[in-house]
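In: fold the following, please.
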Amino acid sequence: MGIDVPNLDDRDYEAYLEQAKKLIPAYSEEWTDFNPHDPGITILEVLAWVTETHTYQLDQITDAHREKYLQLMGYHRRLQEPATAPVVLSPPSSAAGERLPAGSRLLVTDGTDERYRFETDHDLVLTDASLARLVTADRNGVTDNSQENNTDGMFYRPFGNPVERGDELYLGFDGDPFAAGRSLTLVANYHDENLPAPTPADPGDPDFEPTVSLQWAYRPPGADGWRPLTVAEDRTTTLYEGGAIELFAPDDAPRMDDGAPFDVTDSAHVWIRCRVERAGYEIPPQLDAIEPNTVAASHRVHVGDETLSQVSGLGEPTALNGQTYELEHTPVFSAEIRVDGAPFVEVADFDASGPTDPHYRLDRETGRVTFGDGEQGRVPPADATVTADYVYGGGEDGCVSPDAVWQFESPGTTLDGGTLLGDLDVAAAGAATGGRDRETITGAVERLRRDLRSPDRGVTITDYETLAARTPGVRVGQTNVVVDGETVTVVVVPYAPPDVPRPTPSEGFLGTVEQYVTERATLGDRVTVTGPTYVGLDVTVSGQAHPRYTDDGYEADVRATLDSLVHPLVAGGWPFGRSLSTADIAERVADLDGIDYVSDVDITAHGGTTRDDTIAIGPRELFAVVDVTTELSMAAGDGGR
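Out: Numbers count the residues shown, from 1 in each chain. Below is the predicted model of the structure:
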């Protein structure tokens, strides 16, 4: 039930003046002239006008009220997001093995007088070796994806589809990437344009920890075997997303005798291998490119130990209540404030602050830092030195075009090996994307309203389904809930592209969903999260077809149609527990352009319950096509088959 908001502005000027005139006799019997020429009436007219003005202001709900309401509901406006761009460096050969540290600043111009500051997101170990070949080896054989890796607008799956244990990715360099040092940085650009975005995570939500494991190895020039590589940093979460991977080649790494499915002894290439040691990808990794000498740069800058100036209309710093200082750059992501070296703590307001509490408020748009008044929050001394470490930037303005000009802010700075930053040629591999302005108050209120309409606790079956579907950090495609007493079983299907016929969650995926749902379950409910069981189908279709199709065309089209029919995520998705009949298949196949008619459909199910021409499955089961056979004749006069 909502709270009725009172209307404070329910009387106008005339009503206030008339009420005041009626009260005059109660206070003064001598005052009998109520005409406008009377000085007392003139004063009442002024007071009625002032009262109406104040009442109007009291009745207005301002942005400050709305932001306070959000705070009371446990919500805050989401901060701005920084735009990010892949930046390619072309180092001289003498710079190979040197490290460009994270936080290196870049200046970007994009056809205007405005210059944007970016910072590198991670360390980058430079190399003079180029990636010349990229080869995938899976159960289907060997596939050269070198062209896809070097062509904009194309993507590939580095371990094929589906991904199984032992699938491999080979990277062939035109020189030894470890010749000048023991480390190498590779950046993987993940292709996610055809994937839904996972639910954003809030503070305290569980992190997704994948159970997939990869093994990296290196074949030194002239060596007779592979040497294991150590992963010093992996920002891709084992290729679940894009990011940087830093590989380290120990000098004392043991020799590995396993070979390769193609000739890797060619002296023209030095090879690095990535092998799937433990499979379990819900979505086969798909990449736009893997590249060396590439670093991600974001539209944000860290500032350290900046001395702040007090904002005062008196011209000099004061010890008055509510002292305000100002940061030089805005908008602000975060800040750490110190007063005479002592750290203060940021608070949303001073409502719960005591007289000696070292608290401050931060306005991220204006960069203003406000201290307390001595009753709520400590007042710094007038001569205090206020310093700040903070991060600023972000917003849509940082989404610069691919034609923008990039350069290092301090070209005279040297790397660890003595190379000047100015000696590194810099170019963006594409436009900067992902920049968003800070959420508006109206947007935050609308988000709050949407969330209030969504369940936050598992009470009903629909609640549990909704909670599982919106687990942060993962992509959930379909859910079903089975209740047995106090045991709640949540069956989840991870999102997967249509060419993945049996989307199956990994242990890490299930663990993330289970933790999120369990934290919101009704007291006493025992929650278990599991993946679906697939009932395999062997299907034989008989009938008549048009002659323009080849033998392979019949089965390929029928197979694609049946995969689409029973896929749990295509065209709304085949639901849990729904039966499948031969009539369903016959109707769908008959709709194909190359099919004249379907005379018979035979199904052999590996599971479920077969009754007459229908296969029934349980609430935890789905279908998957195993094998398709077509027995199709040609229409009369077409030569038969």
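
In: so where is the stretch 1-150 of the chain shaky, pLDDT-wise?
Out: Along the stretch 1-150 of the chain, segments meeting pLDDT under 70 span 1-5, 8.

In: same thing with the chain?
Out: By pLDDT under 70, the low-scoring segments of the chain are 1-5, 8, 312-319, 548-553, 635-641.

In: biggest helix in this protein by residues?
Out: The single longest helix within the chain, with elements called by DSSP state H, is helix 39-58.

In: list the buried residues in the helix or strand just after it.
Out: Going down the chain from helix 39-58, the next helix or strand is helix 63-72, by DSSP states H and E. If you call a residue buried by 16 or more other CB atoms under 10 Å, then helix 63-72 has these buried ones: Arg66, Glu67, Leu70. The way it works is simple: take the backbone N, C-alpha and C, and place the C-beta from them, glycine included.

In: pull the CA atoms of helix 63-72 into PDB?
Out: C-alpha atoms of helix 63-72 as PDB (Å, rounded to 0.1, in the frame of the first residue of the first chain):
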ATOM      1  CA  ASP A  63      16.100  16.400  -7.100                       C
ATOM      2  CA  ALA A  64      17.500  16.600  -3.600                       C
ATOM      3  CA  HIS A  65      14.300  14.900  -2.200                       C
ATOM      4  CA  ARG A  66      14.500  12.200  -4.900                       C
ATOM      5  CA  GLU A  67      18.100  11.500  -4.200                       C
ATOM      6  CA  LYS A  68      17.400  11.200  -0.500                       C
ATOM      7  CA  TYR A  69      14.500   8.900  -1.300                       C
ATOM      8  CA  LEU A  70      16.800   6.700  -3.400                       C
ATOM      9  CA  GLN A  71      19.300   6.600  -0.500                       C
ATOM     10  CA  LEU A  72      16.600   5.600   2.000                       C
END
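
In: helices or strands up against that helix?
Out: Applying 3 or more CB pairs under 8 Å, 6 or more residues apart in numbering; DSSP states H and E, we find helix 63-72 packed against helix 441-453.

In: got the angle between the helix it packs on and helix 63-72?
Out: On the basis of axes from the mean of the first three to the mean of the last three CA atoms, to 10 degrees, helix 441-453 is oriented at 30 degrees to helix 63-72.

In: chain center to the helix or strand just after helix 441-453: distance?
Out: Using DSSP H and E, the next helix or strand after helix 441-453 towards the C-terminus is helix 461-469. Mean C-alpha position of helix 461-469 versus that of the full chain (CA atoms, centre = their mean, to the nearest Å) differs by 21 Å.

In: any idea which helix or strand comes after helix 461-469?
Out: Remark: after helix 461-469, the chain's next helix or strand is strand 476-484, criterion DSSP H and E.

In: contact partners of that following strand?
Out: Under the criterion CB atoms under 8 Å, 6 or more residues apart in numbering, residues 461, 464-465, 468-470, 488-496, 503, 513, 568-569, 573, 575-577, 619-620 lie in contact with strand 476-484.

In: do stretch 554-567 as well
Out: Here stretch 554-567 has contacts from 498, 501, 537, 539, 541, 545, 549, 570-571, 573-574, 580, 584-585, 588-589, 592, 594, 622-625, 628-630, 632, using CB under 8 Å, 6+ apart.

In: repeat that for 7 Å
Out: Residues outside stretch 554-567 that contact it (CB atoms under 7 Å, 6 or more residues apart in numbering): 498, 501, 539, 541, 545, 570-571, 574, 580, 585, 588-589, 592, 594, 623-625, 628, 630, 632.

In: now, these that are in helices?
Out: Counting by DSSP H, these contribute Ile585, Arg588, Val589 to helices.

In: next, format the residues you listed as JSON lines and append neighbour count and distance to His191.
Out: Converted to JSON lines, those look like this (neighbours: other CB atoms under 10 Å; distance: CB to CB, whole Å):
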{"residue": "Ile585", "neighbour count": "25", "distance to His191": "33"}
{"residue": "Arg588", "neighbour count": "17", "distance to His191": "30"}
{"residue": "Val589", "neighbour count": "25", "distance to His191": "33"}
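
In: of these, closest to Gly422?
Out: Relative to Gly422, the closest of the ones in helices among the contacts of stretch 554-567 is Arg588; by CB to CB it sits at 64.0 Å.

In: distance of the closest one relative to Thr610?
Out: Distance of Arg588 to Thr610, given as CB to CB, to the nearest Å: 19 Å.

In: how close does Gly618 get to Val488?
Out: In terms of CB to CB, Gly618 sits 16 Å off from Val488.

In: same question for His299.
Out: Distance from His299 to Val488, by CB to CB: 44 Å.

In: more neighbours: which of the two?
Out: His299 (28 against 21; other CB atoms under 10 Å).

In: now do the phi/psi pair for the more buried one.
Out: His299 adopts backbone torsions of phi -80, psi 70, taken as degrees, to the nearest 10.

In: isn't Met634 right next to Pro547, touching?
Out: Yes - between Met634 and Pro547 a contact is recorded at 5.1 Å, counting by CB atoms under 7 Å.

In: distance between the longest helix of the chain and the chain's centre?
Out: Relative to its parent chain, helix 39-58 has a centroid offset of 55 Å by CA atoms, centre = their mean.

In: change the start of the numbering to 232 and stick with it
Out: New numbering, starting at 232: the last item is helix 270-289.

In: that helix - contacts with which helices or strands?
Out: helix 244-258 (3 or more CB pairs under 7 Å, 6 or more residues apart in numbering; DSSP states H and E).

In: now do the helix it packs on: which elements does it pack against?
Out: Using 3+ CB pairs under 7 Å, 6+ apart, helix 244-258 is in contact with helix 270-289.

In: between the buried residues of helix 294-303, which is closest to Gln541?
Out: When those are compared for distance to Gln541 (CB to CB), Glu298 comes out closest, at 24.9 Å.

In: of the contacts of strand 707-715, which count as buried by neighbour count?
Out: Looks like the contacts of strand 707-715 have 695-696, 699-701, 719-727, 734, 744, 799-800, 807 buried, using 16+ other CB under 10 Å.
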